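J.: structure of the sequence below:
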Amino acid sequence: LSCCWLIHRHSDKPAKMPAVSKGDGMRGLAVFISDIRNCKSKEAEIKRINKELANIRSKFKGDKALDGYSKKKYVCKLLFIFLLGHDIDFGHMEAVNLLSSNKYTEKQIGYLFISVLVNSNSELIRLINNAIKNDLSSRNPTFMCLALHCIANVGSREMAEAFASEIPRILVAGDTMDSVKQSAALCLLRLYKTSPDLVLMGEWTSRVVHLLNDQHMGVVTAAISLITCLSQKNPDEFKTCVSLAVSRLSRIVSSASTDLQDYTYYFVPAPWLSCKLLRLLQCYPPPEDGAVKGRLVECLETILNKAQEPPKSKKVQHSNAKNAILFEAISLIIHYDSEPNLLVRACNQLGQFLQHRETNLRYLALESMCTLASSEFSHEAVKTHIETVINALKTERDVSVRQRAADLLYAMCDRSNAKQIVAEMLSYLETADYSIREEMVLKVAILAEKYAVDYSWYVDTILNLIRIAGDYVSEEVWYRVIQIVINRDDVQGYAAKTVFEALQAPACHENMVKVGGYILGEFGNLIAGDPRSSPLVQFNLLHSKFHLCSVPTRALLLSAYIKFINLFPETKATIQEVLRCDSQIRNSDVELQQRAVEYLKLSSIASTDVLATVLEEMPPFPERESSILAKLKKKKGPGAVSVTELEDSKREGGELNGGGDRGPDTASTPSPSADLLGIRSAAPVGAAPASAGSLLVDVFSEAGDISSLTNPLIPLPCRFVCKNNGVLFENQLLQIGIKSEYRQNLGRMYLFYGNKTSVQFASFTTTVSCPGELQSHILSMHLLEPLVEGGAQIQQVLNIECLTDFSDAPLLNIKFRYGGALQNLTLKLPVTINKFFQPTEMTSSDFFQRWKQLSQPQQEAQKIFKANHSMDTEVLKAKLLGLGTALLDNVDPNPENYVCAGVIQTKGQQVGCLLRLEPNAQAQMYRLTLRCSKDSVSRRLCELLAEQF
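T.: Reported below is the predicted structural model:
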């Protein structure tokens with residue numbers, strides 16, 4: 001049952017088991033199974049089973065000298081009854097007794113019964129463990145395999161506690177047979193997955209890795225599954241496996257189908273092992289050794305070349321094995337993302353699969369090309385297949401393939417093809433499957449906003465989106481179009497005209513009514529000069545939809561009506577009549593009733609000036625990451641947004657400050673205007689709209705926003721780790737600059753607060769707090785005047801003393817009143833542990849002597865990462881000097897490496913630190929190693945510095 005599964009699942013060649021002689025057949029079991037099959041009803045089956053259970057129970061209780069054959073037969077019957085769905089509450093002890101038999105078939109049935117019916121809390125577990133230990137130490141390979149299979153099948157924590165230390169020894173022992181090694185590797189893998197804290201490789205690590213060189217391919221196949229799992233959790237411990245994996249892969253790829261005859265599957269040498277090797281290599285960055293990397297590139301090129309060769313067999317098994325290796329190789333090429341030639345070749349190969357007759361291949365090709373589209377090297381190559389992908393979106397029968405085609409169109413979209421892709425997606429939406437419509441709507445909305453070349457095209461696209469798939473247009477979509485229309489003066493008239501025309505359709509979706517009510521309530525005056533869209537015509541058009549809408553939409557329309565009274569005084573009597581009717585002022589819904597009564601009273605008693613002030617036009621919204629994009633990320637996960645999208649955001653929108661992307665329920669910044677239509681303002685009156693160059697761009701800005709009453713903590717910009725001066729925070733209201741200096745364990749920070757508005761800040765107060773275990777103590781803080789005049793700047797001084805090492809930064813909280821309402825901002829101060837460095841000059845011999853002294857594992861922190869910035873030599877030196885350490889010349893044998901030394905000064909102790917930075921310009925990677933006399937400092941500095949390069 002499960003014993004054989006373990007071997008067949010992970011091996012290219014099944015293990016051999018002892019032959020079963022004719023005398024081992026159990027006639028009584030065969031008769032019982034036949035009786036069960038011949039039962040005409042459920043009642044007859046239960047009666048026959050109860051009779052058999054009674055017979056077995058009497059045999060176990062009465063006959064003390066029951067032989068092994070009989071025990072095996074009766075235990076088999078119990079197992080069969082259990083598999084039919086009946087409870088078994090006896091026979092466990094007899095199964096355990098079978099474990100001590102010297103006959104394979106009896107021992108096999110005993111282990112099978114235990115694997116299926118004995119749980120980890122059983123009182124028999126100690127007896128079972130003793131039997132397993134006896135078999136593991138017996139050196140009989142068949143019995144050892146049975147014991148290992150039982151451990152893996154049970155897989156409990158108790159099993160791991162009993163055998164986790166014994167199995168690695170069996171795995172690497174020189175006299176262990178190959179079949180046992182296979183079982184041991186897979187057993188250890190199962191225990192590691194269930195109880196990773198109990199499976200400690202330690203001294204066995206290097207010997208387990210070297211199983212990749214084993215002559216038996218089955219052992220290598222089983223071992224690589226174990227090594228891959230271990231590498232994912234502990235990559236540094238198993239990094240030596242990379243060169244061995246490349247070597248083994250090279251031998252397989254370059255071999256002919258006759259070289260590995262026992263492990264060749266339909267003319268493909270060792271396909272399972274090849275796939276596992278390629279998957280293992282995806283756990284690591286590209287090899288640093290040039291020879292190893294060159295050999296791996298040759299392997300990948302050979303795999304791509306073989307994909308172009310004519311098939312050696314027409315059987316589907318041949319193409320499946322060949323394509324499995326190809327797709328795994330392409331995944332590795334995408335993972336490395338460092339070989340332009342391979343990436344383009346991979347893209348071309350996948351392009352051939354887009355029109356393949358096999359549906360699974362088309363699906364996999366589309367899925368892989370989605371990832372390729374995010375690489376700068378292969379993005380243009382992916383775009384060449386746009387017509388094929390559009391055709392797949394229209395003609396594919398399988399919905400999952402159509403969804404992948406939509407994902408690929410989204411990933412390959414840029415400014416050059418945005419209109420074509422958005423048009424095709426809109427066309428497809430009319431017939432799209434309901435299961436993917438919501439996601440398609442989000443993608444169309446994001447692309448239309450992201451790559452809008454003019455505002456009218458964007459408005460047309462979103463209104464079409466609402467018309468075609470209104471039920472799937474979330475609130476985030478229509479919030480966003482309203483925000484953009486409000487922010488852009490030159491699109492407001494066009495938006496009002498377009499939405500007015502859209503509302504004239506006989507069947508109009510409720511989301512269209514929401515957009516129409518809001519935009520006409522704000523900007524209906526821009527089209528009121530045309531008799532076809534006069535004020536009364538606009539009002540009658542909106543009111544004709546009123547009775548068909550839900551309560552929230554009716555509330556929004558009532559707010560639009562009161563705005564109409566301000567924009568068009570001639571409509572006052574008509575609208576007051578609507579508000580005065582019983583269906584409004586006596587409405588069963590409290591919200592609608594309250595709005596109707598208050599708006600009626602406001603329009604009756606307020607003067608024209610008061611009405612104009614209360615109901616004036618909404619102020620612009622600040623630009624920030626679109627809430628639509630955030631929703632798609634949440635729906636699809638972090639990989640849903642293409643890299644090109646983020647790069648375009650940085651290129652084109654980096655000059656904007658961040659702000660809130662508000663919906664109807666979020667808090668507002670106080671301003672003289674009231675938000676009666678439901679979408680709150682997030683910017684002060686008079687705030688300048690975003691520059692024209694940032695047309696509809698989602699901006700990922702470091703600057704925060706202080707417009708709401710409760711703000712999230714604004715993170716510390718990483719640029720202040722290696723610099724002491726600059727602008728810490730800026731938005732539409734406030735700019736905060738800092739200038740700081742440090743000496744030994746003391747520091748002084750100057751904070752400059754600038755009021756960017758023409759209105760004074762009242763009750764301006766600041767407080768500094770030290771969260772968690774932070775011991776960086778603020779000794780004194782200069783108090784500030786409570787008033788900050790418009791356009792003025794004030795200064796505050798903070799004195800800092802470092803008592804001991806720390807990881808968190810102090811928090812600065814700022815509160816003030818703007819326009820009568822309280823503003824609240826909390827951000828992290830740029831006080832990091834490296835600020836208290838004192839540079840230390842060293843000779844080469846002194847450096848490496850001290851390096852060897854700091855050799856305990858916990859004293860070292862190391863990280864290998866991709867370069868985030870330019871690898872310019874002068875920039876690197878400036879950052880390392882800004883860190884506060886001494887940059888030591890002519891110390892490292894490799895002149896391209898950088899080494900630094902310094903001492904962190906705290907009041908209680910001094911912490912010596914050595915740093916080594918090894919850049920690899922070809923791979924655009926760094927290896928950063930820190931050794932400090934205190935382990936917590938090593939880890940913290942490594943985290944801080946990895947973000948700088």
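J.: so, low pLDDT: which residues of this structure?
T.: 1-25, 63-64, 120-122, 257-259, 623-717, 771-781, 820 (pLDDT under 70).
J.: try 50 this time
T.: 1-23, 638-710, 775-776 (pLDDT under 50).
J.: please enumerate the helices of the stretch 51-200 of the chain.
T.: 68-83, 92-98, 104-117, 125-136, 141-154, 157-163, 167-172, 178-194 (DSSP state H, counting those that start in this stretch).
J.: what are the phi and psi angles of P810?
T.: When read as degrees, to the nearest 10, the backbone of P810 gives phi -60, psi 150.
J.: burial measure for the nearest residue to it once chain neighbours are set aside, as a count.
T.: Of all residues not flanking P810 in the chain, L829 sits nearest, at 4.7 Å (Cβ to Cβ, 6 or more residues apart in numbering). To be clear about C-beta, it is placed using only N, CA and C from the backbone, and glycine gets the same treatment. L829 has 21 neighbours, counted by other Cβ atoms under 10 Å.
J.: now for L829: which residues touch it?
T.: L716, L728, I738, M749, V768, L798, A809, P810, L811, L812 (Cβ atoms under 8 Å, 6 or more residues apart in numbering).
J.: K497 now?
T.: L526, I527, S533.
J.: would you turn the residues you listed into JSON lines with secondary structure, distance to I56 and neighbour count?
T.: Below are the contacts of K497 laid out as JSON lines (DSSP: H, G, I helix; E, B strand; the rest coil; distance: Cβ to Cβ, whole Å; neighbours: other Cβ atoms under 10 Å):
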{"residue": "L526", "secondary structure": "helix", "distance to I56": "90", "neighbour count": "17"}
{"residue": "I527", "secondary structure": "coil", "distance to I56": "89", "neighbour count": "24"}
{"residue": "S533", "secondary structure": "helix", "distance to I56": "89", "neighbour count": "19"}
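J.: JSON lines please, covering those and showing distance to N130.
T.: Formatted as JSON lines, those follow (distance: Cβ to Cβ, whole Å):
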{"residue": "L526", "distance to N130": "89"}
{"residue": "I527", "distance to N130": "90"}
{"residue": "S533", "distance to N130": "91"}
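J.: so which of those residues comes closest to Y451?
T.: L526 (26.5 Å; Cβ to Cβ).
J.: in this structure the closest one contacts A496, no?
T.: Yes: the criterion here is Cβ atoms under 8 Å, and L526 meets it with A496 at 5.2 Å.
J.: mind checking how far S138 is from Y104?
T.: As judged by Cβ to Cβ, to the nearest Å, S138 and Y104 stand 12 Å apart.
J.: these two: who's more crowded?
T.: Using other Cβ under 10 Å, the more surrounded residue of S138 and Y104 is Y104, with 17 against 13.
J.: in this structure the more buried one contacts T142, no?
T.: Yes: counting by Cβ under 8 Å, Y104 touches T142, with 5.9 Å between them.
J.: what's the neighbour count on S603?
T.: S603: 19 neighbours (other Cβ under 10 Å).
J.: touching, it and F564? I think so.
T.: No: applying Cβ under 8 Å, one finds S603 not in contact with F564, separated by 10.0 Å.
J.: residues shared between the contacts of these two?
T.: I575.
J.: now neighbour count and distance to T553 too, for the contacts of L829, in a markdown table please.
T.: As requested, the contacts of L829 are exported to a markdown table (neighbours: other Cβ atoms under 10 Å; distance: Cβ to Cβ, whole Å):
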| residue | neighbour count | distance to T553 |
| --- | --- | --- |
| L716 | 18 | 43 |
| L728 | 22 | 43 |
| I738 | 20 | 48 |
| M749 | 24 | 52 |
| V768 | 17 | 47 |
| L798 | 22 | 52 |
| A809 | 20 | 46 |
| P810 | 20 | 48 |
| L811 | 17 | 42 |
| L812 | 24 | 43 |
